[in-house]
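Participant: just need the structure, nothing else, for what follows:
(chains A and B)
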Protein chains: 2
Amino acid sequence: MLAAASRPVNRRRKFGVDDLATAIKAERRTLTRPGAALDALIALCADDLRLVNAIVLEHMQSEVALVPQLAGHIIAAGGKRLRPMLTLACARLVGYAGQRHLALAAAVEFIHTATLLHDDVVDESGLRRGAETANALWGNKASVLVGDFLFSRAFQLMVADGSLAVLKVLAEASATIAEGEVRQMMTANNTATVEREYLEVIEAKTAALFAAACRIGALVADRPQVEEEALARFGRSLGIAYQLTDDALDYSANNFDLGKRAGDDFRDGKLTLPVLLAFARGDAEERAFWRRVLEDQDQRDGDFEHALAILRRHGTIAETVERARAQGTEARRALARFPDGPTRQALLDLVEFSVERAR
Amino acid sequence: MLAAASRPVNRRRKFGVDDLATAIKAERRTLTRPGAALDALIALCADDLRLVNAIVLEHMQSEVALVPQLAGHIIAAGGKRLRPMLTLACARLVGYAGQRHLALAAAVEFIHTATLLHDDVVDESGLRRGAETANALWGNKASVLVGDFLFSRAFQLMVADGSLAVLKVLAEASATIAEGEVRQMMTANNTATVEREYLEVIEAKTAALFAAACRIGALVADRPQVEEEALARFGRSLGIAYQLTDDALDYSANNFDLGKRAGDDFRDGKLTLPVLLAFARGDAEERAFWRRVLEDQDQRDGDFEHALAILRRHGTIAETVERARAQGTEARRALARFPDGPTRQALLDLVEFSVERAR
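Facilitator: Residues are numbered from 1 along each chain as shown, chains lettered A, B, ... in the order given. Okay, here's the model as predicted:
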């Protein structure tokens, strides 16, 4: 007999472990769509990424069937695998010839996945990149617990690798991400959030794991501190640029980013940089508008279009893109010390992709 | 201006960092009530536990004010600090004279606290040990995120300690706990759960961290593998005994366990050992009763008393206590190889407390 509680879980089962490889392949095909600029990086990492995917598959297994089902769903739906690719590419950039970067890239992906699962619970999201979220399919409880499981698995992979330096970097990044998420929760819907607070949130929520993923590339190769720091700076600036671009894209008419629709942040009442800047410069009427639609989340037909008009009038979408570009410049600068070649070029293309997809 | 989302958070603020020490002291005073058998252990660990509390306080700090508020609430309300005391006492049992056990006991407490926070979200609990739960006070989102933060802090403490062996033990325990929680979620309310499945859940959910906490005592002291294993066996059996006793207590009329009322599991629709055993032996009418009250959670006045009568008729409360005693015997046996003295005696008293509080 089925348990009352497990019935919906079983009915909703949509993703088995066997489907993961297929889903990843399908996702990789679609990945070439948004940014041809990513092609070089994807091609460069393809062989390594296959091995990383195998490690991910192996380590998300559990006797408890729901664990790999749910984990497989979110991992396949989780996006571009940018973070593990950063570890792979940075290791290659500094001339690493071993195999340690593979399991550590998988650990990075597990941490990212765990935060996505918990994020969707926190955001009460129903969709991620156009697919139903794990919490929508299996419930919040399962998402919290499988997130915890994947987080533990990440640490098990690091322990097996055996480097305390790597463990330190990723434990710190994880704490920073959680703090950033709490801070975001406290400032969400708050039109009084100032730019500095907002940047602190995205530095913690997004840039910290980008930075850690890159730093690990230098760590596995035992490179000097100065290279480690340079790669961390690269990852950090790239992460901020990436997130700012995302914020701008959400108010862009030509939004071709996979699965994300223009206006998602607006509908969720998220205060992102274009809005914060416009709020600071707005008159009383505009501020009342932002408070109604974002703080009170009282949204009506035509509000999104009105929001767009205000943002355009103040030029804050373009300004957000400009700040993303400035961070992109920082990211490029951090790569200057590394030898030229296809890997550095692919990382420079990634910066380009991160800031220019907002056009 | 306050954010719409943060207003309730601020209104609900009930616990600041400054209150933690006071709360811990108050809690320690009440602790002497339920089991005088615990007195020796508490006295033995008192000095160390003060240092552990200081480490806990220091490492739960964050610039994001909600983090220490929420963490302080759950840590103060979190119970008897049994798990860190196990690390402290086991280290002492094997003659450890250093300081490493202190930070690692704090790490154990952080992991326990993180699982409590996520547990309460999963269980949708409003009360823990008679106090409002963090999720009831601050919301599920904050509980998920602060749980993640404390979990990361636990790993940071271990990284600072620098032992990969300890990291391995606690990363494994964490993964096991998360798997056990998912398994419990799948079997909750399911009267078809068999005893073996149930024992697997409590081994994973409760016994794994008890075992890890004890094992670390041997690890910091660099004791031979055989002692490490013995302490892990001790912790595991103690954990199972402790949980089985809890299950029995929930159907006990003389329930003097702190903050937990008789019938909590019943009202939550939790299937624990007394019920599973009674279900297996029940006639059609009894099974229909259990399905109604626990699977469908359709509970009426008098149902709890009826449940008690059925359990007594089948003798399954006493049988659960018997199994707890058998695990207690295993736990005592595991301590046999260690030198007699006040520490071993205090741990034997703890076993006694764990199984005999159900009388």
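
Participant: just checking, residue A:214 is part of a helix?
Facilitator: Yes: secondary structure of residue A:214 (DSSP: H, G, I helix; E, B strand; the rest coil): part of a helix.

Participant: state the distance from it to residue A:330.
Facilitator: In this structure, residue A:214 and residue A:330 are 13 Å apart, going by Cβ to Cβ, to the nearest Å. Any C-beta I mention is one placed from the backbone N, CA and C, and that applies to glycine too.

Participant: more crowded one of these two?
Facilitator: residue A:214 (31 against 17; other Cβ atoms under 10 Å in any protein chain shown).

Participant: can you pull the contacts of the more buried one?
Facilitator: A:86, A:87, A:90, A:231, A:232, A:234, A:235, A:238 (Cβ atoms under 8 Å, 6 or more residues apart in numbering or on different chains).

Participant: and if we set it to 6 Å?
Facilitator: Contacts for residue A:214 were tallied using Cβ atoms under 6 Å, 6 or more residues apart in numbering or on different chains; they are A:86, A:90, A:231, A:234, A:235.

Participant: next, the residue of the stretch 51-200 of chain A found nearest chain B: phi, psi?
Facilitator: Residue nearest to chain B within the stretch 51-200 of chain A (Cβ to the nearest Cβ): residue A:190, separated by 2.9 Å. In terms of degrees, to the nearest 10, the main-chain angles of residue A:190 are phi -100, psi 110.

Participant: what's the answer for residue A:194, then?
Facilitator: phi -100, psi 160.

Participant: with residue A:339 instead?
Facilitator: phi -60, psi 140.

Participant: how many residues are close by it?
Facilitator: Residue A:339, neighbours per other Cβ under 10 Å, totals 9.

Participant: so residue A:189 is in contact with residue A:269, correct?
Facilitator: Yes: when contacts are counted by Cβ atoms under 6 Å, residue A:189 is listed as touching residue A:269 (4.8 Å).

Participant: who's in contact with the most centrally placed residue in chain A?
Facilitator: Geometric centre of chain A, nearest residue: residue A:206, 6.1 Å, by Cα atoms, centre = their mean. With contact taken as Cβ under 6 Å, 6+ apart, residue A:206 is in contact with A:239, A:243.

Participant: pLDDT value on it, please?
Facilitator: At residue A:206, the pLDDT value in this model is 95.

Participant: am I right that it sits in a strand?
Facilitator: No: looking at residue A:206 with three-state DSSP, it is helix, so not inside a strand.

Participant: measure it to chain B for me?
Facilitator: Counting by Cβ to the nearest Cβ, to the nearest Å, the gap from residue A:206 to chain B is 15 Å.

Participant: also residue A:228?
Facilitator: 16 Å.

Participant: how deep is that residue tucked in, by neighbour count?
Facilitator: Residue A:228 has 22 nearby residues by other Cβ under 10 Å.

Participant: element containing it?
Facilitator: helix A:225-249 (DSSP states H and E).

Participant: now that helix: buried residues?
Facilitator: A:227-228, A:230-249 (16 or more other Cβ atoms under 10 Å in any protein chain shown).

Participant: picking that back up, list the residues that contact both of residue A:189 and residue A:269?
Facilitator: Contacts common to residue A:189 and residue A:269, judged by Cβ under 6 Å, 6+ apart, are residue A:294.

Participant: quick one, helices of the stretch 151-300 of chain A?
Facilitator: Listed in chain order, the helices of the stretch 151-300 of chain A (DSSP state H, counting those that start in this stretch) span A:164-187, A:195-202, A:208-220, A:225-249, A:264-267, A:273-281, A:284-290.

Participant: weakest of the ones you listed by average pLDDT?
Facilitator: The bottom spot among the helices of the stretch 151-300 of chain A, by mean pLDDT, belongs to helix A:264-267, with a mean of 88.

Participant: what sits up against that one?
Facilitator: Taking Cβ under 6 Å, 6+ apart as the rule, helix A:264-267 contacts A:250, A:272, A:304, A:307.

Participant: surely the third one meets residue A:275?
Facilitator: Just to be clear, that refers to residue A:304. No: using Cβ under 6 Å, residue A:304 is not in contact with residue A:275; the gap is 11.8 Å.

Participant: more neighbours, the two?
Facilitator: Shown here are residue A:304 and residue A:275; by other Cβ under 10 Å, residue A:275 has more neighbours (29 against 16).

Participant: in contact with the closest residue to residue A:169 other than its chain neighbours, which residues?
Facilitator: The shortest distance from residue A:169 to any non-neighbouring residue, by Cβ to Cβ, 6 or more residues apart in numbering or on different chains, is to residue A:212 (5.0 Å). Shown in contact with residue A:212 (Cβ under 6 Å, 6+ apart): A:169, A:170, A:173.

Participant: most neighbours among those, please name it.
Facilitator: residue A:170 (27 neighbours).

Participant: what does the stretch 201-350 of chain A have sitting close to chain B?
Facilitator: Proximity of the stretch 201-350 of chain A to chain B (Cβ under 6 Å from any Cβ of the partner chain) is limited to residues residue A:295.

Participant: roughly how far does residue A:39 sit from chain B?
Facilitator: 35 Å.

Participant: pLDDT score for that residue?
Facilitator: 87.

Participant: count the neighbours of it for me.
Facilitator: So residue A:39, with other Cβ under 10 Å, has 14 neighbours.

Participant: ok, and what's touching whichever strand or helix holds it?
Facilitator: Using DSSP H and E, residue A:39 falls within helix A:39-59. Helix A:39-59 is contacted by residues A:24, A:84-85, A:88, A:102-103, A:105-106, A:109, A:153, A:346, A:349-350 when judged by Cβ under 6 Å, 6+ apart.

Participant: tell me the least confident of these?
Facilitator: residue A:24 (52).

Participant: any regions of the stretch 251-359 of chain A where pLDDT drops low?
Facilitator: Along the stretch 251-359 of chain A, the model assigns pLDDT under 70 to residues A:253-261, A:358-359.

Participant: of all of it, which residue lies closest to chain B?
Facilitator: residue A:295 (4.5 Å).

Participant: just give me the neighbour total for that residue.
Facilitator: Around residue A:295 there are 21 residues (other Cβ under 10 Å).

Participant: same question for the one 4 residues further on.
Facilitator: Residues contacting residue A:299 under the criterion other Cβ under 10 Å number 16.

Participant: list the contacts for it?
Facilitator: residue A:293.

Participant: now do 8 Å
Facilitator: So residue A:299 contacts A:266, A:267, A:293 (Cβ under 8 Å, 6+ apart).

Participant: is the last one in contact with residue A:305, as I believe?
Facilitator: This means residue A:293. No: if you go by Cβ atoms under 8 Å, residue A:293 and residue A:305 don't touch, sitting 11.7 Å apart.

Participant: so the two - more neighbours on which side?
Facilitator: residue A:293 (21 against 9).

Participant: need the contact list for that one.
Facilitator: A:266, A:269, A:299, A:303, A:307.

Participant: just residue A:304 next, same as before
Facilitator: Taking Cβ under 8 Å, 6+ apart, one finds A:263, A:266, A:267 in contact with residue A:304.

Participant: now with 10 Å?
Facilitator: A:251, A:262, A:263, A:266, A:267, A:293 (Cβ atoms under 10 Å, 6 or more residues apart in numbering or on different chains).

Participant: export these to CSV and tack on distance to residue A:58?
Facilitator: Listed next are the contacts of residue A:304 as CSV, based on distance: Cβ to Cβ, whole Å:
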residue, distance to residue A:58
A:251, 41
A:262, 38
A:263, 39
A:266, 40
A:267, 38
A:293, 46
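
Participant: who wins on neighbours among those residues?
Facilitator: When neighbours are counted by other Cβ under 10 Å, residue A:251 leads the contacts of residue A:304 with 24 neighbours.

Participant: thought residue A:157 was touching residue A:107, still the case?
Facilitator: Yes: counting by Cβ atoms under 10 Å, residue A:157 is a contact partner of residue A:107 at 4.2 Å.
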